[in-house]
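> Dropping a prediction and its sequence here:
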2 protein chains.
Amino acid sequence: MEEPLGEHCIIDLYDCRGDILDNLEDIQSTMLEAARIAGATVIDRRFHKFSPQGVTGVVVIAESHLSIHTWPELNYAALDLFTCNLRMKMESVFTLLESRFSPGSMDVRRIPRGILDLERRRNIEVEKLDRALV
Amino acid sequence: MEEPLGEHCIIDLYDCRGDILDNLEDIQSTMLEAARIAGATVIDRRFHKFSPQGVTGVVVIAESHLSIHTWPELNYAALDLFTCNLRMKMESVFTLLESRFSPGSMDVRRIPRGILDLERRRNIEVEKLDRALV
């Protein structure tokens, strides 16, 4: 069966510690580490700290991108990881994010992208994982 | 009812002209125009041309990000637009993308992000639009 061209992981982290979500240096380090353990090739990165709070960051990779946007005041972070390498180690990335952000809950949706066969993409379902958090 | 913190639009463009998808300058111009008509505040942008073909680009906006990744050889482009401003003019952006890329078909998924109420987010569905193309 024909594979999609890429996979887009949409990740919501709830009930994180606010101070973690407001630390640009730590967040950038985590995102670059995520790219590294996924086996991605980093092309560029852009991180920005908002006033009074919040961080946004994008890592451009040869395989597409990673992004993070945080709301420290609401203990929430939105991430996505889009890759055209279907053999990337996504589970290792999820584990890293859990370890670094210690979310109370983490929602992951895995969306196949670029399904060239029309009939197949009409029937595609978004897989939503409820991660079992320790 | 409590609103989500943001909306993430996942956009797949199929059957585009390959030369359009390989033109970094035009693609960058389109993405910045998309940010402008959406009413976004551009913070930064990074665009990259791959060899032998393909363009990847990210526009960091105060409201989150826009991205594009193209496969000219397959006439396919993957975009996303994440915003924490729920009043952005997404329909105008979709119309712009149709006009600039002339896709044979365009799939849009609109995913609510950051739903702080646990019960509500358990029941969330991803809305998938089949755009009626002229």
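Everything's here; your move. Residues are numbered from 1 along each chain as shown, chains lettered A, B, ... in the order given.
> mind listing what residue A:36 touches?
Going by Cβ atoms under 8 Å, 6 or more residues apart in numbering or on different chains, residue A:36 touches residue A:42. Bear in mind the C-beta positions are built from the backbone N, C-alpha and C, glycine included.
> buried stuff in the one helix or strand it maps to?
Using DSSP states H and E, residue A:36 falls within helix A:24-38. Within helix A:24-38, the residues that count as buried by 16 or more other Cβ atoms under 10 Å in any protein chain shown are A:24, A:27-28, A:30-32, A:34-35, A:38.
> for stretch A:13-20, same thing?
Neighbour-count burial for stretch A:13-20 [16+ other Cβ under 10 Å]: A:13-16, A:20.
> Out of the residues you listed, which are close to chain B?
residue A:14 (Cβ under 8 Å from any Cβ of the partner chain).
> Out of the buried residues of stretch A:13-20, which comes closest to chain B?
Lowest distance from chain B to these (Cβ to the nearest Cβ) belongs to residue A:14, with 7.2 Å.
> Near the closest residue in space to that closest one that isn't next to it in sequence, how many other residues are there?
Take residue A:14 and drop its neighbours on the chain: the residue closest to it by Cβ to Cβ, 6 or more residues apart in numbering or on different chains is residue A:105, 4.7 Å away. Close neighbours of residue A:105, defined as other Cβ atoms under 10 Å in any protein chain shown, add up to 14.
> mind listing the strands for chain A?
Under the criterion DSSP state E, chain A contains strands at A:6-14, A:42-49, A:55-61, A:64-71, A:76-83, A:105-113, A:127-130.
> Now tabulate those strands in TSV and tack on mean pLDDT.
Output for the strands of chain A, formatted as TSV (pLDDT from 0 to 100):
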stretch	mean pLDDT
strand A:6-14	96
strand A:42-49	96
strand A:55-61	97
strand A:64-71	98
strand A:76-83	97
strand A:105-113	93
strand A:127-130	58
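> Please convert these to TSV, extending it with distance to residue B:109.
Putting those into TSV (distance: least, Cβ to Cβ, whole Å) gives the following:
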stretch	distance to residue B:109
strand A:6-14	9
strand A:42-49	25
strand A:55-61	20
strand A:64-71	16
strand A:76-83	12
strand A:105-113	7
strand A:127-130	12
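> nearest to residue B:50, of those?
strand A:42-49 (9.6 Å; Cβ to Cβ).
> how about that closest one, does it reach chain B?
Yes - contact between strand A:42-49 and chain B, assessed by Cβ under 8 Å from any Cβ, occurs at A:43-44, A:46, A:48.
> Cool, thanks, talk later.
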